[in-house]
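Dropping a prediction and its sequence here:
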Amino acid sequence: MTNSPTVSRLPASERREQLLETALHVIARQGFHQTSMDDVAKKAGVTKPVLYQHFESKQEMYFLVLAKIGQQVQDSIDSNRGPSSPSNPVEWTELGILGFFKFFENKPDAFNFLFGAADIQDAELRHELRKLQDNLTLRLAKNLQARFDIEQSVAVVSGIFGLLVGMLRHWMHDGQRKSVEEMAHLASRMVTHGIAGLIEGLNQSS
């Protein structure tokens, strides 16, 4: 008599992480309002009661995914820094931009989750998403504090944040034909030297 195969049960913490990862992918591709708890459960290969064992609601699940991605992006922005990192504000900014680009290199769903959420109608969700984006702006702005005060730094980085997101979006839609280092350098050059400096640098390298 052949024994029936048994399905291994994940520890609660591992199952929770799996469900959060699944929610990230489903919401990034379908949008928050178009995604149901049934969709996430089906994609994760669990029943809806199992999903509700970990999350009270779709909104709570969204908040947890948002917090997780936010921390990962912040860690990536800081990842190239250490005791030997340059103190020059321009080089410090370049390292932050490189970390920002590197995080999204293989995570298009994380990018769509953060920056493609046009369907977010819930005011509380929009507030949390905006707060996270503001925190990322602040993290990058701290690179410039040696040259400006923090309010000036935030104003400057708020002006260029859309540039970085736009370049990332183009790069992803273009099939990432250039390396992440090339794109981060291009963005850094644009940010730190402006269009004139960018053109000068391209002429020198040609």
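Nice, thanks for sending it over. Numbering: from 1, shown residues only.

quick one: contacts for Gly116?
Contacts for Gly116 (CB atoms under 8 Å, 6 or more residues apart in numbering) come out as Ala28. Glycine gets a C-beta too; all of them are placed from N, C-alpha and C.

Could you check the pLDDT of it?
Per-residue confidence (pLDDT) for Gly116: 80.

Distance of Leu125 relative to Glu105?
Relative to Glu105, Leu125 is positioned 26 Å away (CB to CB, to the nearest Å).

With Val50 instead?
From Val50 across to Glu105, the span is 32 Å (CB to CB).

Compare the two and say which is more crowded by neighbours.
More crowded of Val50 and Glu105, by other CB atoms under 10 Å: Glu105, with 18 against 13.

Next up, the contacts around that one.
Contacts of Glu105 (CB under 8 Å, 6+ apart): Gln176, Val180.

What separation is there between it and Glu128?
For Glu105 relative to Glu128 (CB to CB), the value is 25 Å.

Same check on Val165?
In terms of CB to CB, Val165 sits 18 Å off from Glu128.

go on, Glu94?
29 Å.

Same question for Phe101.
Counting by CB to CB - Phe101 and Glu128 are separated by 24 Å.

Tell me which of the two has more neighbours.
Phe101 (25 against 18).

give the contact list for that one.
Counted by CB under 8 Å, 6+ apart, Phe101 has contacts Leu164, Leu168, Val180, Met183, Ala184, Ala187.

how many other residues sit next to the second one?
To tie it back to what came earlier, the one meant is Leu168. So Leu168, with other CB under 10 Å, has 22 neighbours.

I'd guessed it sits against Phe111; true?
Yes: Leu168 is in contact with Phe111 according to CB atoms under 8 Å; the separation is 6.4 Å.

Can you check which residues contact both of these two?
With CB under 8 Å, 6+ apart as the test, Leu168 and Phe111 both reach Phe104.
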